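# Pasting the sequence and the predicted model now:
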Amino acid sequence: MQEKRLGAFLISMSTHILVTNSKGGCGKTTVATNLAVSLQVRGEEVVLWDYDIQGSSILWSHNRMAASEENSRIKPLKAVACNSNKPGKETLSFQRYKYESAPFIIIDATAGKIPDGELERLIRISDMFIVPAMSSSFDIKATERFLTGLLTHRLYRSRPRPVGLLENRNIGGRDTSDGFLNFLACIDIPKIAELKDSPIYQEAADAGLGIAEMGDTRAAQREYKSWKKVLAWVENRGTEESRKPPRKAPRVPGSASSSEIVLTKSEAG
Ligand SMILES: Nc1ncnc2c1ncn2[C@@H]1O[C@H](COP(=O)(O)OP(=O)(O)OP(=O)(O)O)[C@@H](O)[C@H]1O
Ligand SMILES: [Mg+2]
């Protein structure tokens, strides 16, 4: 009992960032893994919680482990599988690790509709919510429904926390629809950044890397600029300040500078 209370205290010292949207394939895992790497590259300690039984973040962390064995500049990043194959049951490893503290815990949410009990637990523990969304009319409709459900949930309303939209797979030259931007403005949700539709995301995922480690190609540099906006939003705890151009984040001694892509093109493969 005492151990459980201590565990709950340790958990509350972490910043839990829930990456979620009921729309499948919108980029939850891509965003969770890239955010984890962006923070790790800045010298932060990060753990990924994979709530999706498809286990994509777990697979990515295995790819990363293999990459780290070949390149000492890539640090492994722990991912814990949370849901077992039995509905509503946690895995034994999650029961063991969930009270371990890390400054940042990034949660890759279940694909599809989250069961009520799990949703309540996730809303309760999360300090920030990032909602990746693509810009087709189907995706926008689903995202509007999802955001409305989140913002009107009693556990969110009793303790509102920062929610940000991350537009994913933006096709160059196409603007976000005015209707959707108006909707976001009405519910006071910022669009944190825009990620382009680029093969570099799949290449990074297959290699267990994040954009911050994808070398100095134009695509990597362009996307890393968007990731710096996401970092600024996280570091500013989603405050008004993050809606202005991001300020330079303080450097962690020994970590890569914020303007530095960590691996060269040849190292990123
Ligand atoms: N910005 C992007 N550019 C190109 N491909 C992308 C981008 N974002 C995601 N993808 C690709 O789209 C597919 C779906 O992305 P991802 O797995 O991150 O979505 P998801 O929301 O986690 O899916 P699920 O709902 O099944 O968990 C993956 O193959 C991924 O590599
Ligand atoms: Mg996923």
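Ah, there it is. Ligands and ions are numbered 1, 2, ... in the order given.

# The chain: strands as residue ranges?
Here the chain has its strands, by DSSP state E, at 15-19, 46-50, 79-81, 104-108, 128-133, 163-170, 191-196.

# and the angle for the second one with strand 104-108?
Regarding strand 46-50 and strand 104-108, their directions subtend 20 degrees when assessed with axes from the mean of the first three to the mean of the last three CA atoms, to 10 degrees.

# Switch the strands of the chain over to a markdown table; also include mean pLDDT.
Shown next, in a markdown table, are those (pLDDT from 0 to 100):
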| stretch | mean pLDDT |
| --- | --- |
| strand 15-19 | 97 |
| strand 46-50 | 96 |
| strand 79-81 | 95 |
| strand 104-108 | 97 |
| strand 128-133 | 98 |
| strand 163-170 | 96 |
| strand 191-196 | 96 |
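
# Need those in a markdown table (columns: distance to ligand 1 and mean neighbour count).
From N, CA and C alone the C-beta is placed, and that goes for glycine too. Output for the strands of the chain, formatted as a markdown table (distance: least, CB to the nearest ligand atom, whole Å; neighbours: other CB atoms under 10 Å):
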| stretch | distance to ligand 1 | mean neighbour count |
| --- | --- | --- |
| strand 15-19 | 8 | 23 |
| strand 46-50 | 10 | 25 |
| strand 79-81 | 13 | 23 |
| strand 104-108 | 7 | 25 |
| strand 128-133 | 7 | 24 |
| strand 163-170 | 4 | 23 |
| strand 191-196 | 4 | 20 |
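
# By proximity to ligand 1, which residue of the stretch 51-200 of the chain wins?
Closest residue of the stretch 51-200 of the chain to ligand 1, CB to the nearest ligand atom: A111 (3.3 Å).

# can you put the strands of the chain in JSON lines and add distance to ligand 2?
Below are these laid out as JSON lines (distance: least, CB to the ion, whole Å):
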{"stretch": "strand 15-19", "distance to ligand 2": "9"}
{"stretch": "strand 46-50", "distance to ligand 2": "8"}
{"stretch": "strand 79-81", "distance to ligand 2": "12"}
{"stretch": "strand 104-108", "distance to ligand 2": "6"}
{"stretch": "strand 128-133", "distance to ligand 2": "10"}
{"stretch": "strand 163-170", "distance to ligand 2": "12"}
{"stretch": "strand 191-196", "distance to ligand 2": "15"}
